[in-house]
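> pasting a predicted model and its sequence here:
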Amino acid sequence: MSLTQDQIRRIAQLARIAVPEDESGAVRERLNRVLGMIDQLQAVDTAGIEPMSHALDVVQPLRADAVTEADQRARFQSGAPAVEGGLYLVPKVLE
Amino acid sequence: MLDSTLGELQAALAARRVSSVELTRAFLERIQALNGALNAFITVDETMSLAQAREADQRLARGEAQPLTGIPVAHKDIFCTRELRTTCGSRMLEHYTSPYDAHVIEQFGRAGAVLLGKTNMDEFAMGSSNETSYFGPARNPWGRTLVPGGSSGGSAVAVAARMAPVATGTDTGGSIRQPAALTGVCGLKPTYGLVSRYGMVAFASSLDQGGPLARCASDLALMLNVMAGHDARDSTSLPRPKEDYACELGLSLKGLRIGLPKEYFGEGVDGGVLERVRAAIAWFEAQGARTVEIALPNTHLAVPVYYVLAPAEASSNLSRFDGVRYGHRATQFTDLADMYCRTRAEGFGAEVQRRILVGTYVLSHGYYDAYYLKAQKVRRLIARDFEAAFGRCDLIMGPTTPTTAFALGAKTDDPVQMYLNDIFTIPAPLAGLPALSVPCGFDARGLPVGLQVMGPHFAEAKMLGAAHQYQRATDWHRQLPKEAPL
């Protein structure tokens, strides 16, 4: 199937990626090429086949619900774009 | 020294014929001489590396040598390091330094290795040519207008050009084996779960696996001994007892059953590649191995399956890059949503954006069953092909790639053409299987060809044994690339 310009805008919005209007034609053309290749899968008979989400079909291990990490907030925040008083700063969300 | 194997370097260090400082300095000088042309390293810090080498020399003097004490190792810039920035080949992480070391980095630290630098790679490991790197492509030492392959292209170039004795890489759809083949070195993708993904920047978590690149299979075995091991911080890390991956280097090839999948020897594979791969297989037969024709009938579906699953997992993994906690943040924006959108548009390159968009689409409401679930079902069909095949053979052999190295820029305009280069390397990770590439000759243009060896889960030692036996009888891996004379 082939994506429309509207669908591209919607997907870009979901992915939180700004796609400039003048580039969206090129983005669409390349995405449609990839989706055209992927569409081969639709013809495959997969009736009764279990989806495979892990290569070795292992079970997720469980661990005790205990704190194992020390507080390293200052260190972690040293690489943040904007912090103040131990908090991460973002643009105003509420008026 | 630059041309030595790990075994030779260990012996030289133990006998005090060379110090770690001398060895490290020799590789740093080599990097300085060649990196301008080959762009294999993104970050090198001579002061830091030499300080580690001095400490290694002190440990050697005290008789406290671990397996790799004093040996410089280059790491793909996807492994988090406290000592050096970790860019993952992206503008998003251009100035990012991790607050912790990856498990793999810790393991090399415990083994005594010296951190030589961080190697170039396709952005977030998404690419087959190194051309998606924000830092410009690494170049193939067999011809500077050629791609080295990707995504672990910088590591492959560093090893091929003798800028590092060995290096680490990661493989999601061929990112260790394909660049190894295109640059004439060895590369191994281990069984999924053998090497911890802790501190390895995530691309497609159900496929990503770290592994070594080296010039010979015996060095791969020594590297895997260091890299593999259970780590509770990666929930998919397998709790298996420690294994010595060098234990089958003396493998007898007599009676070894080698499966030859007919899908790997057909249309679309270069004549020069086929000729060299067939000659290598004939050598194994001459040593008493038996070849068995097998079928992997869903091979042609591996690329479409991969380009649903990998982008889907990537779109989820890369949602963490939001310009809030670390990494790039746009300077101009109107509100929070706009900040996210501009940050990600500026921080990610075109290929990464494309894969996030594909992944977002296949996971979106109404399309999940048709794409994602469908791809997971076909993934199982591909895994079953291998199960059936390994009922009839011990190892599978074929070409690593359909062609030798291609020209820079040749496939950048057509993502699908680029993706098809990985047709023979994508199936193994989908099934979680170990696979390696070993040099098996040169085509008519003098470019290296890789023989791929695939095995059942946990067959690494046997695969390395087969590759080692082949390398004892051949000298393809000893040839020096023409752009990197010693």
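Arrived safely, thanks for sending. Numbers count the residues shown, from 1 in each chain, chains lettered A, B, ... in the order given.
> just the strands in chain A please.
A:83-84, A:87-88 (DSSP state E).
> run a quick neighbour tally on B:Ser235.
15 (other CB atoms under 10 Å in any protein chain shown). In this view, the C-beta of every residue, glycine as well, is placed from N, C-alpha and C.
> just the pLDDT for it.
B:Ser235 carries a pLDDT value of 92.
> re the thing from before, any chance of the strands of chain A in a markdown table with distance to chain B, mean pLDDT and mean neighbour count as columns?
Formatted as a markdown table, the strands of chain A follow (distance: least, CB to the nearest CB, whole Å; pLDDT from 0 to 100; neighbours: other CB atoms under 10 Å in any protein chain shown):
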| stretch | distance to chain B | mean pLDDT | mean neighbour count |
| --- | --- | --- | --- |
| strand A:83-84 | 9 | 96 | 12 |
| strand A:87-88 | 5 | 96 | 12 |
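> now the nearest residue to B:Gln417 once chain neighbours are set aside: how far from B:Phe458?
Spatial nearest neighbour of B:Gln417, chain neighbours left out: B:Lys411 (4.8 Å); criterion: CB to CB, 6 or more residues apart in numbering or on different chains. Note on B:Lys411: its distance to B:Phe458, by CB to CB, to the nearest Å, is 35 Å.
> same question for B:Thr291.
23 Å.
> kindly report the same for B:Leu480.
Counting by CB to CB, the gap from B:Leu480 to B:Phe458 is 35 Å.
> next one, pLDDT for the closest residue to chain B within chain A please.
Nearest residue of chain A to chain B: A:Ala55, at 2.4 Å (CB to the nearest CB). In this model, A:Ala55 is scored at 85, pLDDT.
> now do the contacts for it.
Counting by CB atoms under 8 Å, 6 or more residues apart in numbering or on different chains, A:Ala55 touches B:192-193, B:206-207, B:383, B:429-433.
> give the contact list for the most centrally placed residue in chain B.
Nearest to the geometric centre of chain B sits B:Ile176, at 2.1 Å (CA atoms, centre = their mean). Residues near B:Ile176 by CB under 8 Å, 6+ apart: B:152, B:169-170, B:187-189, B:211-213, B:437.
> top of the residues you listed by neighbour count?
B:Ser152 (37 neighbours).
> wait, it touches B:Gly173, no?
No: if you go by CB atoms under 8 Å, B:Ser152 and B:Gly173 don't touch, sitting 11.7 Å apart.
> count of residues packed around residue 75?
Let's take chain A. By other CB under 10 Å, neighbour count at A:Arg75 equals 10.
> think we crossed wires, I meant chain B
With other CB under 10 Å as criterion, B:His75 counts 28.
> same question, B:Gly366
6.
> quick check: which element contains it?
Under the assignment given by DSSP states H and E, B:Gly366 is not contained in any helix or strand.
> so what's the residue of chain B found nearest chain A up against?
Here the residue of chain B nearest chain A is B:Gly432; by CB to the nearest CB that distance is 2.4 Å. Applying CB under 8 Å, 6+ apart to B:Gly432 gives the contacts A:54-56, B:191-193, B:383, B:457.
> before we move on, what about A:Arg9?
A:Arg9 touches A:19, A:24, counting by CB under 8 Å, 6+ apart.
> over to the residue of chain A closest to chain B: give its phi and psi.
Main-chain dihedrals, A:Ala55, degrees, to the nearest 10: phi -60, psi -30.
> ok, B:Gly89 next?
Torsion angles, degrees, to the nearest 10, at B:Gly89: phi 70, psi 20.
> show me what contacts it?
Per CB under 8 Å, 6+ apart, neighbours of B:Gly89: B:42, B:77-78, B:120-125, B:132-135, B:151.
> among those residues, who's most crowded?
Neighbour tally across those (other CB under 10 Å): the maximum, 35 neighbours, falls on B:Ser151.
> right, and it touches B:Gly173 too?
No: here B:Ser151 lies out of contact with B:Gly173, judged by CB under 8 Å, at a distance of 9.0 Å.
> and the helices in chain A?
All helices of chain A, identified by DSSP state H, fall at A:5-14, A:21-38, A:73-77.
> ok, which of those helices comes nearest A:Thr46?
For A:Thr46, the closest of the helices of chain A is helix A:21-38, at 14.5 Å, according to CB to CB.
> can you give me the strands for the stretch 251-400 of chain B?
B:257-261, B:290-294, B:395-399 (DSSP state E, counting those that start in this stretch).
> can you say which of those strands is packed in most?
strand B:395-399 (a mean of 25; mean count of other CB atoms under 10 Å in any protein chain shown).
> which residues are contacting that strand?
B:256-261, B:264-265, B:269, B:273-274, B:277, B:280-281, B:284, B:294, B:386, B:389-390, B:424, B:449-455, B:459, B:462-463, B:466.
> show me the shaky parts of the chain.
Using chain A here. Scanning chain A for pLDDT under 70 picks out A:1.
> could you say which helix or strand holds the residue of chain B closest to chain A?
Per DSSP H and E, there is no helix or strand for B:Gly432.
> leaving out sequence neighbours, find the closest residue to it.
A:Ala55 (2.4 Å).
> of the strands of the stretch 251-400 of chain B, which is nearest B:Thr334?
strand B:395-399 (52.0 Å).
> average pLDDT across the next helix or strand after the closest one?
Per DSSP H and E, strand B:395-399 leads on to helix B:415-420 as the next helix or strand towards the C-terminus. In this model, helix B:415-420 has a mean pLDDT of 89.
> give me the helices and strands touching helix B:415-420, please.
Applying 3 or more CB pairs under 8 Å, 6 or more residues apart in numbering or on different chains; DSSP states H and E, one finds that helix B:415-420 contacts helix A:21-38, helix B:302-317.
> could you dump these to JSON lines with mean neighbour count and distance to B:Pro402?
Below are those laid out as JSON lines (neighbours: other CB atoms under 10 Å in any protein chain shown; distance: least, CB to CB, whole Å):
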{"stretch": "helix A:21-38", "mean neighbour count": "15", "distance to B:Pro402": "16"}
{"stretch": "helix B:302-317", "mean neighbour count": "24", "distance to B:Pro402": "12"}
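> picking that back up, what's around the residue nearest to B:Gln417, how many residues?
Neighbour number of B:Lys411 under other CB under 10 Å is 19.
> what does B:Asp3 give?
Counted with other CB under 10 Å, B:Asp3 comes out at 11.
> OK, contacts around the closest residue to it other than its chain neighbours?
In this structure, B:Asp3 finds its nearest non-sequential neighbour in B:Arg162, 5.9 Å apart by CB to CB, 6+ apart. By CB under 8 Å, 6+ apart, the contact set of B:Arg162 is B:2-3, B:30, B:480, B:484, B:486.
> that's all I had, so thanks and see you.
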